[in-house]
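A.B. asks: whatever this is, show me its structure:
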Amino acid sequence: QVQLVESGGGLVQAGGSLRLSCAASGRTFSRYTMGWFRQAPGKEREFVAAIGWAVSTDYADSVKGRFTISRDNAKNTVYLQMNSLKPEDTAVYSCAARGSPISPTTRRVSEYNYWGQGTQVTVSS
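C.D. replies: From the prediction side, this is the model:
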């Protein structure tokens, strides 16, 4: 079983920055694609960014150029650096892991098998 624990959320003013972390345990972390998703009140969960086992990355258009996803396999941790935050970035951010090793990045929620509990990010105007 895989456990994912996010941290780093909080309240920040528009234009500010936050770095989210997701610590993984339970398997060989380096072989799996990891993703970040977010869900705002009354909205569906949406893709934010993903990083593959070979460190390829993918970003939603809404965050491209502002957010950076990275991973530290020695620490079994994936990060989401968020800069130039906007009020519309306010949401619960969750990390997720694909179930099969050596899988490509994907934006589909249904293709991630493991999820963290989420961390709240609030951006004030």
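
A.B. asks: contacting residues around the residue nearest to the spatial centre of the chain?
C.D. replies: Nearest to the mean C-alpha position of the chain, by C-alpha atoms, centre = their mean, lies Trp36 at 2.1 Å. Contact criterion C-beta atoms under 8 Å, 6 or more residues apart in numbering gives 20, 22, 48-50, 69, 78, 80, 93-96 as the residues in contact with Trp36. C-beta coordinates here come from the backbone N, C-alpha and C atoms, glycine included.

A.B. asks: buried subset of those residues?
C.D. replies: Listed as buried from these are 20, 22, 48-50, 69, 78, 80, 93-96; burial here means 16 or more other C-beta atoms under 10 Å.

A.B. asks: list just the nearest of the contacts of Trp36 to Gln117.
C.D. replies: Taking C-beta to C-beta as the measure, Gln117 lies nearest Ser94 of the contacts of Trp36, at 7.5 Å.
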